[in-house]
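>>> Got a sequence here, can you build the structure:
(one chain, ligands or ions: 1)
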Amino acid sequence: MRRIPFFLPMKDCPNRCVYCDQRTITGHGVQPAPGEIRRALQGAVEPLETCFFGGSFTCQPMDRQEEYLEVAAQAPASSRIRISTHPLCVDPGILDFLSRFPVRFLELGISSLEDKVLNLCNRGYTGATAVERVSLVTDSTWLVPGVQLMTGLPGQDPSSSLEDIRVLAEIKGDRPMQLRIYPCLVLRGTPLEELFLSGSYTPPGIDESARWAGRMIRKARESGFELLRVGLQETASLGEGVVAGPHHPALGELARSYALALSLVHRARSGPWSVPLSYRSLLSGHGNWGFRELASLSEIAIDEVKRLVTWTR
Ligand code: SF4
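Predicted coordinates:
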């Protein structure tokens, strides 16, 4: 189904997270008016997914939310709506309100479930609150929940992220849950930039960040999550606004490479490995990054690792 995304940058956020500048990340500085959304949907004949990203949709005044949702609900029959929002702006009353519209997906930007990390990032809630809100959405019978986690946050490490996935998998059980993984970047003008410049925060490098997310991908796949995205969408404003951090247009692909290398080594510590041909670029791309990681994980020389891989159709 075709997706039509709209960005509501930092709209009505309950507080300012230390790393965030949605305008820089998305390249969208101005909130689209409902009329713009109506125009964008006009003429559509096939069902589509209208997505409200980039902010805290359900933190807006109810009449404003209603305006947006009513416009989106005029899309062709069987169309659906995806909303990304803040965990503090989700409660039974909000879910009841959303159920009047064809909202099918509700994503919560929870970043982390660890209190120390949430505190350092000024997220404004605890891990227990995030768990409660994710559970609320997951327990609804009509919504598919989504969670957005981050890597490389102040005070965070890979084991904290893996624990987050474990807790979320417990909430999920055998129900669907979607997942996005974003790296924390140091953006110009944010409080995180000050922490970085003062030496209080050091972001992980690109390789480290890709391995971090790769471990999360592997665990998430094992637990049955649907992985929607790893890494940020590259935009001109993002490129201009990044001061430090794992900024790489193919970070998601590197993370998938590492997840593949991990699963191969898990399957057979020293090979040989049969790998679908469609995964070839995951191992050979970016200067053999995946092959190099496989060599490192298996403690086998890279030339030998290459000989141990056979491609299957
Ligand atoms: S990360 Fe999300 S909640 Fe925090 S300031 Fe940015 S848009 Fe708002």
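>>> in the stretch 101-250 of the chain, which spans are strands?
103-111, 144-151, 178-183, 186-187, 226-230, 242-244 (DSSP state E, counting those that start in this stretch).
>>> between those, which one is nearest to the ligand?
For the ligand, the closest of those is strand 103-111, at 5.1 Å, according to CB to the nearest ligand atom. C-beta: built from backbone N, CA, C; applies to glycine.
>>> Just checking: what are the partner strands of the closest one?
Here strand 103-111 has these sheet partners by DSSP bridges: strand 80-85 (parallel), strand 144-151 (parallel).
>>> relative to strand 178-183, how tilted is it?
Between strand 103-111 and strand 178-183, the angle comes out at 30 degrees (axes from the mean of the first three to the mean of the last three CA atoms, to 10 degrees).
>>> ok, and for strand 103-111, which residues are buried?
103, 105, 106, 107, 108, 109, 110, 111 (16 or more other CB atoms under 10 Å).
>>> For the ligand, tell me which of the residues you listed show up nearby.
Among these, the ones lying near the ligand by CB under 6 Å from any ligand atom are residue 109.
>>> Now do the contacts for residue 289.
Shown in contact with residue 289 (CB atoms under 8 Å, 6 or more residues apart in numbering): 210, 254, 257.
>>> thinking again about what came up before, can you convert the strands of the stretch 101-250 of the chain into JSON lines and add a column each for mean pLDDT?
As requested, the strands of the stretch 101-250 of the chain are exported to JSON lines (pLDDT from 0 to 100):
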{"stretch": "strand 103-111", "mean pLDDT": "97"}
{"stretch": "strand 144-151", "mean pLDDT": "98"}
{"stretch": "strand 178-183", "mean pLDDT": "98"}
{"stretch": "strand 186-187", "mean pLDDT": "96"}
{"stretch": "strand 226-230", "mean pLDDT": "97"}
{"stretch": "strand 242-244", "mean pLDDT": "96"}
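>>> Tabulate those strands in TSV, adding columns for distance to residue 95.
As requested, these are exported to TSV (distance: least, CB to CB, whole Å):
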stretch	distance to residue 95
strand 103-111	8
strand 144-151	11
strand 178-183	17
strand 186-187	32
strand 226-230	21
strand 242-244	36
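>>> In TSV: the contacts of residue 289, plus neighbour count and pLDDT.
Output for the contacts of residue 289, formatted as TSV (neighbours: other CB atoms under 10 Å; pLDDT from 0 to 100):
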residue	neighbour count	pLDDT
210	31	98
254	26	98
257	28	98
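>>> Identify those among those residues that sit within helices.
Among these, the residues falling in helices (DSSP state H) are 210, 254, 257.
>>> What count of nearby residues applies to the residue in the stretch 201-313 of the chain that the ligand sits nearest to?
Closest contact between the stretch 201-313 of the chain and the ligand, by CB to the nearest ligand atom, is at residue 232 (12.2 Å). Number of residues near residue 232 (other CB atoms under 10 Å) recorded here: 20.
>>> Can you name the element that comes right after the lengthiest helix in the chain?
Counting residues, the longest helix in the chain under DSSP H turns out to be helix 280-298. Remark: after helix 280-298, the chain's next helix or strand is helix 302-308, criterion DSSP states H and E.
>>> Make sure residue 105 is actually in contact with residue 140.
No: between residue 105 and residue 140 there is no contact under CB atoms under 8 Å: 11.4 Å.
>>> Next up, the contacts around the most centrally placed residue in the chain.
Centroid-nearest residue in the chain: residue 180, 2.3 Å away (criterion: CA atoms, centre = their mean). By CB under 8 Å, 6+ apart, the contact list for residue 180 reads 107, 146, 147, 148, 149, 227, 228, 229, 230.
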